[in-house]
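> fold the stuff below for me.
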Amino acid sequence: MSTGTLTMHVSQSCRHCGQPVNVVMADLGATPVSNDYLRPEAVDGPEPYYPLRALVCESCKLVQLQDFFKEDDLFRSDYAYFSSFSTSWLKHCETYANAMIARFGLGADSQVVEIASNDGYLLQYFKQNGVKVLGVEPSLSVAQTAIDKHGIPTEVAFFGSATAQALVDRGVQADHMAANNVLAHVPAINDFLDGFRILLKPQGVITFEFPHLLRLMEQSQFDTIYHEHFSYISLLAAERMLDVAGLRVFDVEELPTHGGSLRLFVCHKDADYAQEPRVAAARAAEDAAGLGDIDTYRKFSDAVRKVKRDLLKLLVELKEGGARIVGYGAAAKGNTLLNYCGVGADMIDYVVDMSPHKQGLYLPGTRLPILSPDQIQKDRPDYVLILPWNIKDEVMSQLDGIRAWGGKFIVAIPSPRVL
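As a prediction, this is how the structure comes out:
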């Protein structure tokens with residue numbers, strides 16, 4: 001029997017098809033919520049921990065977390081994630097906006113609606129090109145930034161069929177809709193997708209971007225599993241869900257973002273868009289990797305445990321040699337990694353982050369302080385563990401000066417190593 005075959009019994013109904021779900025793909029123990037950063041006055045107080053288990057539906061192959069939360073518990077008014085603090089992500093979004101305007105002929109008479117529009121990081125580029133924009137964003141703190149900083153009209157609400165119908169009743173219908181890295185965050189996924197069907201014009205286009213489950217599994221990216229991500233999505237599962245919503249995929253792009261993402265181009269079932277060859281190619285790649293076989297998911301736990309053992313071995317060897325190690329990036333994926341692997345102040349002195357909204361807070365679980373990146377220049381650590389490994393090139397460029405004193409970088413995914 002594979003060591004990745006887990007014997008615990010966990011069962012719930014699939015959030016898409018309603019079938020019983022009891023196959024465990026990854027059990028990451030009990031952790032706090034990854035974006036629940038602690039204020040200084042709370043750092044010595046209690047903190048709730050919740051089991052973090054990814055299950056897979058044998059019927060529709062949707063990978064999903066064991067149920068614990070309602071979405072408004074997670075994406076509340078003071079949600080701390082602001083998209084605009086990654087320069088590489090902003091460049092990605094500017095390129096996207098220009099490409100969509102060119103491909104679909106978007107102009108002054110077009111309406112672009114982004115779901116989970118955050119702080120205006122994407123819609124600003126459509127607005128700069130004279131396209132009408134509307135954001136839908138449930139977190140007041142980031143929505144207010146979009147309104148104040150970029151002048152982007154923003155509906156502060158969770159998106160679903162009710163919100164979509166309310167917008168239609170007010171005369172809003174979308175020529176183009178964007179949903180970047182939000183599909184995984186939605187518990188009521190069927191109602192969410194139904195909202196797109198309601199709001200989209202008959203010949204309109206939706207693009208969904210999400211970390212590709214295939215890449216997560218191939219590269220042991222278990223740290224992208226955290227409580228704010230309710231689902232982990234393949235093209236296989238996405239097409240089944242979209243079909244139920246009356247939508248279809250007509251094109252697919254593979255993207256390097258977030259360790260390997262998919263961008264799906266989606267329209268109404270009866271829209272005029274012909275299916276591009278890339279759709280069949282993406283389906284074939286998932287089939288070849290075994291995403292249709294439930295045993296593929298069961299084996300993933302072996303890879304997770306190996307990363308944990310190898311990271312601890314590396315950090316222990318460095319610490320026993322007298323090295324000073326700090327972390328870069330107070331990212332949710334980093335909190336999953338640190339808490340699951342048991343890496344705290346005994347290994348890492350502190351974590352730095354570019355976002356002033358996080359500086360002065362403490363990481364959940366490990367309670368490592370979050371400082372400004374300037375601290376690295378003052379302290380001259382021997383190693384910087386890059387927690388958001390998906391932007392490691394950007395981070396290494398920002399901190400290139402550490403090489404002057406012999407400083408080096410560490411990443412843990414897909415395997416722990418010194419760069």
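
> tell me the buried residues in stretch 290-306?
The neighbour-count criterion (16 or more other CB atoms under 10 Å) identifies L291, Y297, R298, K299, F300, S301, A303, V304, R305 as the buried residues of stretch 290-306. In short, each C-beta sits where N, CA and C put it, glycine included.

> so the second one touches C57, yeah?
What it means is Y297. No. When contacts are counted by CB atoms under 8 Å, Y297 is not listed as touching C57 (9.8 Å).

> what does the longest helix seen in the chain contact?
Taking DSSP state H as the criterion, the chain has its longest helix at helix 300-320. Residues from elsewhere that reach helix 300-320, judged by CB atoms under 8 Å, 6 or more residues apart in numbering: 2-6, 24-28, 217, 220, 222, 325, 337, 340-343, 346-347, 382-383, 385, 410, 412-418.

> end to end on stretch 351-367, go ahead and measure it.
10 Å (CA to CA, to the nearest Å).

> touching that stretch from outside, list them.
31-40, 43, 47, 49, 80, 82, 85, 326-330, 334-335, 338-339, 343-345, 348, 368-373, 375-376, 387.

> what does stretch 376-388 give?
Outside stretch 376-388, the residues touching it (CB under 8 Å, 6+ apart) are 315, 318, 323-331, 333-334, 337-338, 348-349, 351-352, 392, 395-396, 399, 401-402, 405-412, 418.

> which of those residues are buried? Put it as a ChimeraX command.
Of those, the buried ones can be selected in ChimeraX as follows, counting by 16+ other CB under 10 Å:
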select :315,318,325,326,327,328,329,330,331,333,334,337,338,348,351,352,392,395,396,399,402,407,409,410,411,412
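
> among the contacts of stretch 376-388, which ones are in strands?
Among the contacts of stretch 376-388, the members found in strands (DSSP state E) are I325, V326, G327, Y328, V351, V352, K408, F409, I410, V411, V418.

> looking at those, which is nearest A238?
For the ones in strands among the contacts of stretch 376-388, the minimum distance to A238 (CB to CB) is 28.4 Å, reached by V411.

> distance of the closest one from P211?
Distance, V411 to P211, using CB to CB, to the nearest Å: 17 Å.

> with V279 instead?
Distance, V279 to P211, using CB to CB: 19 Å.

> quick one, which of those two is more surrounded?
Higher neighbour count among V279 and P211: P211, with 24 against 18, using other CB atoms under 10 Å.

> show me what counts as buried in the strand or helix carrying the more buried one.
Per DSSP states H and E: P211 is located in strand 200-211. For strand 200-211, a neighbour-count test (16+ other CB under 10 Å) marks L200, K201, G204, V205, I206, T207, F208, E209, F210, P211 as buried.

> list the contacts of the second one.
So that's K201. Counting by CB under 8 Å, 6+ apart, K201 has contacts Q173, A174, D175.

> what about 10 Å?
Going by CB atoms under 10 Å, 6 or more residues apart in numbering, K201 touches S110, Q111, Q173, A174, D175, H176, M177, C267, H268, A271.

> possible to save those residues as TSV with distance to G260 and neighbour count?
Below are the contacts of K201 laid out as TSV (distance: CB to CB, whole Å; neighbours: other CB atoms under 10 Å):
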residue	distance to G260	neighbour count
S110	30	21
Q111	31	20
Q173	33	15
A174	28	25
D175	29	20
H176	24	24
M177	23	25
C267	24	21
H268	28	20
A271	28	16
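
> dihedrals phi and psi, the residue most central in space within the chain?
Nearest to the mean C-alpha position of the chain, by CA atoms, centre = their mean, lies N181 at 5.3 Å. As for N181, its main-chain torsions (degrees, to the nearest 10) stand at phi 50, psi 40.

> got it, and T257?
Dihedral angles (degrees, to the nearest 10) for T257: phi -60, psi 150.

> against T224, how distant is it?
Distance of T257 to T224, given as CB to CB: 12 Å.

> the more surrounded of those two?
Each of T257 and T224 has its neighbours counted (other CB under 10 Å); T224 has more, 22 against 19.

> okay, helices next: where are they in the chain?
71-74, 87-104, 123-128, 140-150, 161-169, 189-199, 213-218, 235-244, 277-288, 294-298, 300-320, 332-341, 374-379, 392-398.

> pick the most deeply packed of those helices.
helix 332-341 (a mean of 25; mean count of other CB atoms under 10 Å).

> dump that one to PDB, restricted to CA.
What follows is helix 332-341, C-alpha atoms only, in PDB (Å, rounded to 0.1, in the frame of the first residue of the first chain):
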ATOM      1  CA  ALA A 332      -0.800  32.900   2.400                       C
ATOM      2  CA  LYS A 333       1.100  30.100   0.700                       C
ATOM      3  CA  GLY A 334       4.100  30.800   3.000                       C
ATOM      4  CA  ASN A 335       1.900  30.400   6.000                       C
ATOM      5  CA  THR A 336       0.700  27.000   4.900                       C
ATOM      6  CA  LEU A 337       4.300  26.000   4.300                       C
ATOM      7  CA  LEU A 338       5.600  27.200   7.600                       C
ATOM      8  CA  ASN A 339       2.800  25.800   9.700                       C
ATOM      9  CA  TYR A 340       2.700  22.400   8.000                       C
ATOM     10  CA  CYS A 341       6.400  22.000   8.200                       C
END
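
> now the angle from it to strand 200-211?
40 degrees (axes from the mean of the first three to the mean of the last three CA atoms, to 10 degrees).

> packing partners of helix 332-341?
The contact analysis (3 or more CB pairs under 10 Å, 6 or more residues apart in numbering; DSSP states H and E) places helix 332-341 against strand 23-31, strand 50-56, helix 300-320, strand 325-328, strand 351-352, strand 383-386.
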